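> Just need the structure, nothing else, for what follows:
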Amino acid sequence: MDISKQKIDAPCPACGHKNSITLAQVNREETITCLCGQRIQLQDSDGSSKRATQNINRAMTDLKKALKGFGR
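Here you go, the predicted structure:
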């Protein structure tokens, strides 16, 4: 499981439409375009989204390894 593929809703500041984006898009600070035409620059100015994504992915990998060895 890669948490960066998780979808979240980002409301448009112009029209309020909920745009479906991935955490990976936030991490890359992409610019998306709403249905109304408004361009939205995604920001992770302090890097917290990127760090959280990495930490969660690392934890999931560790959990898979632990569960694989469980019961031996």
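> what's the burial count for the residue nearest to residue 4 when sequence neighbours are not counted?
Among residues not flanking residue 4 along the chain, residue 24 sits closest, at 4.0 Å (C-beta to C-beta, 6 or more residues apart in numbering). All C-beta spots, glycine's among them, are computed from the backbone N, C-alpha and C. Per other C-beta atoms under 10 Å, the neighbour tally for residue 24 reads 16.
> Then residue 53?
Around residue 53 there are 21 residues (other C-beta under 10 Å).
> roughly how far apart are it and residue 43?
Separation of residue 53 from residue 43 (C-beta to C-beta, to the nearest Å): 15 Å.
> Likewise for residue 66?
Distance of residue 66 to residue 43, computed by C-beta to C-beta: 35 Å.
> can you check residue 57 too?
For residue 57, the distance to residue 43 - C-beta to C-beta - is 21 Å.
> now do residue 51
Taking C-beta to C-beta, one finds residue 51 at 15 Å from residue 43.
> More neighbours: the two, which one.
For residue 51 versus residue 43, the count of surrounding residues by other C-beta under 10 Å is larger for residue 51: 12 against 9.
> How far off centre is stretch 4-14?
9 Å (C-alpha atoms, centre = their mean, to the nearest Å).
> buried set for that stretch?
4, 10, 12 (16 or more other C-beta atoms under 10 Å).
> Could I get the contacting residues of the nearest residue to the last one once chain neighbours are set aside?
Setting aside the residues directly before and after it, residue 12 is nearest to residue 34 in space (C-beta to C-beta, 6+ apart), at 4.1 Å. By C-beta atoms under 8 Å, 6 or more residues apart in numbering, the contact list for residue 34 reads 12, 14-15, 17, 19, 40.
> thinking again about what came up before, from the buried residues of stretch 4-14, which land in strands?
Among these, the ones falling in strands (DSSP state E) are residue 10.
> Which single one of the buried residues of stretch 4-14 is nearest to residue 28?
Using C-beta to C-beta, residue 4 comes nearest to residue 28 of the buried residues of stretch 4-14, at 9.5 Å.
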